[in-house]
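K.L.:
Got a sequence here, can you model it:
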Amino acid sequence: MASPHEVTRLLKKWADGAQSALDALIPLVYAELRRLAASYMPSESPGHTLQPTALVNEAFLRLAGRAPDCENQSQFYGIAAHLMRQILIDHARNRYAKRREPFCAPKSG
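P.N.:
Next up, the predicted model:
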């Protein structure tokens, strides 16, 4: 496990624009993010299709565009956790929206 100081250092370098810092950060925080993602799964509805690994990957994709504004490791995990919860909400909304789409009957001429 990486020291909180190392994670914070990499977060600051990433915020300063160093893409290599993100590459170094991912292996240091991945296990904790996956643990967080797995902890959200039991509360999801039956038949939920998003897996913890996919949830973490989606969070990283959303984060990769720009470094989050955080001062330390704890804030980063908080931001990532919030983002993962938002991804789960979006995923559920999309699934329910597809169920509610009206049946398109052919028009009578």
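
K.L.:
Have a look at this protein and report its longest helix.
P.N.:
For the chain, the longest helix by residue count, based on DSSP state H, is helix 73-100.

K.L.:
what's that one packed up against?
P.N.:
helix 4-15, helix 19-40, helix 52-64 (3 or more Cβ pairs under 8 Å, 6 or more residues apart in numbering; DSSP states H and E). The C-beta positions use only the backbone N, C-alpha and C, and glycine is treated the same way.

K.L.:
right, and these - which one's nearest F76?
P.N.:
helix 4-15 (5.7 Å; Cβ to Cβ).

K.L.:
okay, the angle between the closest one and helix 19-40?
P.N.:
If you take axes from the mean of the first three to the mean of the last three Cα atoms, to 10 degrees, helix 4-15 sits at 120 degrees to helix 19-40.

K.L.:
related to what we said a few turns ago, off-centre distance for the longest helix of the chain?
P.N.:
A distance of 7 Å separates the centroid of the chain from that of helix 73-100, by Cα atoms, centre = their mean, to the nearest Å.

K.L.:
List the buried residues of that helix.
P.N.:
Using 16 or more other Cβ atoms under 10 Å as the test for burial, helix 73-100 gives Q73, F76, Y77, A80, A81, L83, M84, I87, L88, H91.

K.L.:
cool, and stretch 58-67?
P.N.:
Applying 16+ other Cβ under 10 Å to stretch 58-67 flags E58, A59, F60, L63, A67 as buried.
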